[in-house]
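Q: Quick one: sequence and predicted model below, then my questions.
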Amino acid sequence: MPKMKTKASVKKRFKTTASGKIKVAQAGKRHMMIKRSNKFIRNARGTMVLSEPDTKIVKKFMPYGL
(Lines give C-alpha, C1' and ligand atoms only; values in the text may rest on other atoms or scores of the structure.)
Protein backbone atom coordinates (compact mmCIF):
# COMPACT_ATOMS: atom_id res chain seq x y z
CA MET A 1 0.00 0.00 0.00
CA PRO A 2 1.28 3.50 -0.76
CA LYS A 3 1.62 5.99 2.05
CA MET A 4 -1.18 8.46 2.70
CA LYS A 5 -0.36 12.09 1.99
CA THR A 6 -0.34 14.82 4.62
CA LYS A 7 -2.11 18.03 3.60
CA ALA A 8 0.55 20.65 2.84
CA SER A 9 -1.55 23.40 4.44
CA VAL A 10 -1.70 21.44 7.70
CA LYS A 11 2.08 20.96 7.70
CA LYS A 12 2.54 24.73 7.51
CA ARG A 13 -0.06 25.81 10.08
CA PHE A 14 -0.03 23.27 12.91
CA LYS A 15 2.38 21.53 15.28
CA THR A 16 1.68 18.71 17.74
CA THR A 17 2.66 18.72 21.39
CA ALA A 18 4.18 15.72 23.15
CA SER A 19 0.76 14.82 24.59
CA GLY A 20 -0.86 14.88 21.13
CA LYS A 21 -2.61 18.23 21.31
CA ILE A 22 -2.48 20.62 18.35
CA LYS A 23 -0.73 24.00 18.63
CA VAL A 24 -1.74 26.84 16.31
CA ALA A 25 -0.97 30.55 16.04
CA GLN A 26 -3.61 32.96 17.31
CA ALA A 27 -6.03 34.15 14.65
CA GLY A 28 -6.87 37.74 13.79
CA LYS A 29 -3.43 39.34 13.83
CA ARG A 30 -2.58 39.68 10.13
CA HIS A 31 -4.14 43.01 9.18
CA MET A 32 -6.56 45.74 10.37
CA MET A 33 -4.75 45.90 13.69
CA ILE A 34 -5.61 49.59 14.17
CA LYS A 35 -9.19 48.57 15.02
CA ARG A 36 -8.08 46.05 17.62
CA SER A 37 -7.70 46.97 21.24
CA ASN A 38 -4.33 46.70 22.93
CA LYS A 39 -5.82 44.03 25.18
CA PHE A 40 -6.77 41.90 22.16
CA ILE A 41 -3.33 42.26 20.59
CA ARG A 42 -1.63 41.33 23.85
CA ASN A 43 -3.86 38.32 24.48
CA ALA A 44 -3.48 37.04 20.91
CA ARG A 45 0.32 36.85 21.19
CA GLY A 46 2.00 33.49 20.68
CA THR A 47 0.22 30.18 20.18
CA MET A 48 -2.84 28.40 21.53
CA VAL A 49 -4.08 24.82 21.77
CA LEU A 50 -7.00 23.81 19.54
CA SER A 51 -10.27 22.59 21.03
CA GLU A 52 -11.11 18.88 20.90
CA PRO A 53 -13.61 19.06 17.98
CA ASP A 54 -11.14 21.07 15.88
CA THR A 55 -8.32 18.71 16.80
CA LYS A 56 -10.24 15.75 15.39
CA ILE A 57 -10.65 17.53 12.05
CA VAL A 58 -6.99 18.54 11.79
CA LYS A 59 -5.69 15.09 12.74
CA LYS A 60 -7.55 13.57 9.77
CA PHE A 61 -5.33 15.61 7.46
CA MET A 62 -2.08 14.43 9.06
CA PRO A 63 -2.24 10.65 9.17
CA TYR A 64 1.31 10.17 10.51
CA GLY A 65 1.47 13.17 12.82
CA LEU A 66 3.85 16.09 12.43
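A: Nice, I can see it.
Q: what's the longest helix in this protein?
A: Of all the elements of type helix in the chain, the one with the most residues (DSSP state H) is helix 52-60.
Q: roughly how far apart are the most centrally placed residue in the chain and residue 44?
A: Using CA atoms, centre = their mean, the residue of the chain that lies closest to the mean C-alpha position is residue 24, 2.6 Å off. Residue 24 sits 12 Å away from residue 44, going by CB to CB, to the nearest Å. The C-beta positions use only the backbone N, C-alpha and C, and glycine is treated the same way.
Q: residues shared between the contacts of the two?
A: In terms of CB atoms under 8 Å, 6 or more residues apart in numbering, residue 24 and residue 44 are not both contacted by any residue.
Q: Next, the buried residues of the longest helix of the chain.
A: Applying a neighbour-count criterion of 16 or more other CB atoms under 10 Å, one finds 55, 58-59 buried in helix 52-60.
Q: Now do that helix: distance to the chain's middle.
A: In terms of CA atoms, centre = their mean, to the nearest Å, the centre of helix 52-60 is set 10 Å apart from its chain centre.
Q: separation between residue 28 and residue 48?
A: Distance from residue 28 to residue 48, counting by CB to CB: 11 Å.
Q: what does residue 13 give?
A: The span separating residue 13 from residue 48 equals 12 Å under the rule CB to CB.
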